[in-house]
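Q: Let's see this in three dimensions:
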Amino acid sequence: MNSVRAVVARSLSNPVYRLMMAGVFAALAIVAFLTLNVRASWAFTLPFRGEKVIAIMLVGVAIAFSTVLFQTLTHNRILTPGIMGFDSLYALLQSFMLLLLGRIAFVQLNPQLKWLIEVMVMAGALCGLYYWLFLRQKRDLPVLILVGIVLGLLFRSLNSLIGRMMDPVEFDVLQDLMFANFNRIDGSLLAVAGFLMLLVSAWLWRQRYVLDVLQLGDAIAVNLGLNQRALTLKLIVAIAFLVSISTALVGPVTFFGILVANIAYAVSGSYQHRFVIPMASFLAIIALVGGQAILEYVLKFGSSLSIVVEFIGGVFFLGLVMRQGRR
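A: So this is what the prediction gives:
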């Protein structure tokens with residue numbers, strides 16, 4: 001009996017088995033989403049729900065990847081790409097397009113064109129900021145984060161100013177876009193979003209061992225022969241595209257990445273990216289797909305999943321900050 005317990009304990013402590021268990025739970029969450037409370041025909045239900053579950057998985061994996069990478073880059077577990085002002089830039093972009101085009105033209109705007117504009121503007125803004133600070137001004141990463149925080153405040157102020165210039169109907173349309181909504185994902189965007197996600201994720205997975213070296217610290221990474229500046233540039237570009245893809249698909253999600261990334265470090269039992277990144281992705285799928293299935297098909301709540309996720313993530317973030325403060 002003791003030998004059986006020892007074998008089970010060793011298996012559960014193995015990161016590979018933990019990752020396999022997380023994959024099983026993620027698959028169960030997907031099956032539950034596809035099959036719970038089905039009232040229409042399967043020929044209609046499976047394609048309809050399947051499109052939604054693919055979109056939610058894309059968003060969850062993009063958030064998990066980008067947060068783990070950003071925390072590796074900054075060597076800080078309480079930071080998230082949202083600190084760079086992405087949410088504020090997304091809100092400002094929506095406000096500007098709505099004010100410029102008008103409510104009717106904005107609503108009728110081609111969704112593929114709108115999504116590509118959002119992705120290119122948000123990714124281009126961060127890449128341009130990085131080029132100016134790192135390559136032209138020779139600054140370091142903390143300065144980039146500080147400038148991102150300041151720009152986020154600027155974007156929020158400009159967004160508030162534009163909101164005051166709108167009529168009440170346009171402002172109501174704008175407010176609906178300021179919160180993440182997993183029920184309004186446009187299925188026509190999934191092909192191009194999935195293709196971009198596949199390219200970025202494949203490159204990042206090839207860099208998983210290099211990321212382990214970068215995680216040791218900038219000085220150690222450079223001494224081990226790593227071109228830290230070039231790698232940082234590539235990672236910033238990858239993070240920019242991942243965050244832009246997820247934000248443009250569902251809207252801004254601030255604290256969810258911190259939640260899944262930190263739980264992934266604890267649950268995986270390893271700091272190696274070949275375990276942490278898949279674990280964070282599986283946890284994101286479990287939380288988003290499973291949470292959406294419970295809210296929509298079991299509890300039959302009309303509330304948006306993002307409200308629950310952001311509340312839990314915000315409480316978790318405050319707990320991390322207070323824990324760091326005690327240290």
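Q: and the residue lying closest to Leu151 once chain neighbours are set aside, what does it touch?
A: Using Cβ to Cβ, 6 or more residues apart in numbering and skipping the chain neighbours, the partner closest in space to Leu151 is Gly85 (4.6 Å). Just so you know, the C-beta spots here come from the backbone N, C-alpha and C atoms, and that holds for glycine as well. Residues in contact with Gly85 (Cβ atoms under 8 Å, 6 or more residues apart in numbering) are Gly148, Ile149, Leu151, Gly152, Leu153, Phe155.
Q: Considering the residues you listed, which is situated nearest to Ile104?
A: Nearest to Ile104, judged by Cβ to Cβ, of those is Phe155 at 25.6 Å.
Q: who touches that closest one in this structure?
A: Per Cβ under 8 Å, 6+ apart, neighbours of Phe155: Gly85, Ser88, Leu89, Ala91, Leu92.
Q: Dump these to TSV, plus secondary structure, distance to Ile277 and pLDDT.
A: Listed next are these as TSV, based on DSSP: H, G, I helix; E, B strand; the rest coil; distance: Cβ to Cβ, whole Å; pLDDT from 0 to 100:
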residue	secondary structure	distance to Ile277	pLDDT
Gly85	coil	24	70
Ser88	helix	27	76
Leu89	helix	25	77
Ala91	helix	29	77
Leu92	helix	31	80
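Q: ok, so of these, who is nearest Arg229?
A: Minimum distance to Arg229 across those is 22.6 Å, recorded for Gly85 (Cβ to Cβ).
Q: I'd like the distance from that closest one to Pro252, if you could.
A: Gly85 sits 11 Å away from Pro252 when distances are taken as Cβ to Cβ, to the nearest Å.
Q: Next: Gln112.
A: Using Cβ to Cβ, Gln112 is found at 20 Å from Pro252.
Q: do Tyr17 as well
A: For Tyr17, the distance to Pro252 - Cβ to Cβ - is 35 Å.
Q: out of the two, which sits in the busier spot?
A: Under the criterion of other Cβ atoms under 10 Å, the comparison of Tyr17 against Pro252 puts Pro252 first, with 20 against 14.
Q: so how many other residues sit close to the nearest residue to the more buried one once chain neighbours are set aside?
A: Spatial nearest neighbour of Pro252, excluding adjacent residues (Cβ to Cβ, 6+ apart): Asp87 at 3.6 Å. Asp87 has 23 neighbouring residues, counting by other Cβ under 10 Å.
Q: what does Ala32 give?
A: Residues contacting Ala32 under the criterion other Cβ under 10 Å number 17.
Q: per-residue confidence at the nearest residue to Ile263 once chain neighbours are set aside?
A: Counting by Cβ to Cβ, 6+ apart, Leu283 is the residue found nearest to Ile263 once chain neighbours are left out, at 5.7 Å. Predicted confidence (pLDDT) for Leu283: 92.
Q: Might you list the low-confidence residue ranges for the protein?
A: 1-13, 83-84, 130-131, 133-141, 144, 176-180, 184, 301-304, 321, 324-327 (pLDDT under 70).
Q: pull the longest helix from it.
A: helix 42-74 (DSSP state H).
Q: How far does it sit from its chain's centre?
A: Here the centre of helix 42-74 is set off from its chain's centre by 9 Å, with Cα atoms, centre = their mean, to the nearest Å.
Q: What residues does the residue nearest to Ile263 make contact with?
A: If you count contacts by Cβ under 8 Å, 6+ apart, Leu283 has them with Ala22, Ala64, Val260, Ile263, Ala264, Val267.
Q: In contact with the last one, which residues?
A: Remark: with contacts taken as Cβ under 8 Å, 6+ apart, Val267 is in contact with Arg18, Ala22, Met279, Leu283.
Q: Also Asp87?
A: The contact partners of Asp87, by Cβ under 8 Å, 6+ apart, come to Gly152, Thr247, Pro252, Thr254.
Q: Pick out whichever of those sits closest to Ala191.
A: Taking these together and measuring to Ala191 by Cβ to Cβ, the closest member is Thr247, at 18.4 Å.
Q: next structured bit after the helix or strand containing the residue nearest to Ile263?
A: Counting by DSSP states H and E, the element that carries Leu283 is helix 273-285. Next along the chain after helix 273-285, taking DSSP H and E as the criterion, comes helix 291-293.
Q: immediately after that next one, which helix or strand?
A: helix 305-326.
Q: so that following helix versus helix 273-285, what angle?
A: Using axes from the mean of the first three to the mean of the last three Cα atoms, to 10 degrees, one finds that helix 305-326 and helix 273-285 are set 130 degrees apart in direction.
Q: In terms of secondary structure, what does helix 305-326 contact?
A: Applying 3 or more Cβ pairs under 8 Å, 6 or more residues apart in numbering; DSSP states H and E, one finds that helix 305-326 makes contact with helix 256-268, helix 291-293.
Q: Name the residues of it that are buried.
A: Neighbour-count burial for helix 305-326, counted by 16 or more other Cβ atoms under 10 Å, picks out Leu305, Ser306, Val308, Val309, Glu310, Gly313, Phe316, Phe317.
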